[in-house]
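Visitor: what's the 3D shape of this:
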Amino acid sequence: MTGVQTSMQILTMTNPGSHIIDYTVVTACNLKYLVESASDHLEEGWQPLGGVCLTYERNIHRVIGESDINLPNDFEHYAQAFVKYETVGDRQ
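Guide: Purely as a prediction, here's the structure:
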């Protein structure tokens with residue numbers, strides 16, 4: 001059993017009367033794109049699961065051979081999990 005399957009089973013147990021039928025994670029390189037993608041998912045019937053995850057990577061200055069490479073920016077990565085539920089009454 002995968003970690004996602006296990007998590008979905010736990011969520012179903014903590015939300016009696018509902019059944020998770022789909023799971024996805026939306027990722028973006030900035031908050032604006034995450035909000036746009038999240039809005040699209042909400043319109044399609046997805047529901048957020050938990051909060052936004054933010055990871056941050058500092059600008060790295062590396063020396064390769066005799067050349068200096070400067071990465072121009074720090075990097076932020078955003079993620080939001082979404083699920084779709086089916087209620088028990090909807091099952092046939």
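Visitor: and the residue lying closest to Cys29 once chain neighbours are set aside, what pLDDT?
Guide: Leaving out its chain neighbours, the residue that sits closest to Cys29 by C-beta to C-beta, 6 or more residues apart in numbering is His77, at 6.6 Å. Backbone N, C-alpha and C define where each C-beta goes, glycine included. pLDDT, the model's per-residue confidence, is 88 for His77.
Visitor: what are the pairing partners of the helix or strand hosting Val26, and which direction each?
Guide: Val26 belongs to strand 18-28 when elements are defined using DSSP states H and E. For strand 18-28, the paired strands and their directions (DSSP bridges) are strand 75-87 (antiparallel).
Visitor: While we're on Ser67, how confident is the model there?
Guide: Reading off the confidence values, Ser67 has pLDDT 59.
Visitor: just for the protein, where's the confidence low?
Guide: Applying pLDDT under 70 to the predicted model, the residue ranges of the chain that meet it are 1-17, 59-74, 87-92.
Visitor: all helices for it, in order.
Guide: Under the criterion DSSP state H, the chain contains helices at 3-14, 31-43.
Visitor: Let me know how buried Asp40 is, in neighbour terms.
Guide: Asp40 is flanked by 11 other residues according to other C-beta atoms under 10 Å.
Visitor: gap between it and Phe75?
Guide: Here the distance between Asp40 and Phe75 works out to 23 Å (C-beta to C-beta, to the nearest Å).
Visitor: what's the answer for Gly45, then?
Guide: In this view, Gly45 and Phe75 are 31 Å apart by C-beta to C-beta.
Visitor: which residues touch the residue nearest to Cys29?
Guide: For His77, the residues meeting the contact criterion (C-beta atoms under 8 Å, 6 or more residues apart in numbering) are Thr27, Ala28, Cys29, Leu54, Thr55, Tyr56, Glu57.
Visitor: If I follow the layout properly, the fourth one ends up in contact with Gln80?
Guide: No. With contact taken as C-beta atoms under 8 Å, Leu54 and Gln80 are classed as non-touching, separated by 10.2 Å.
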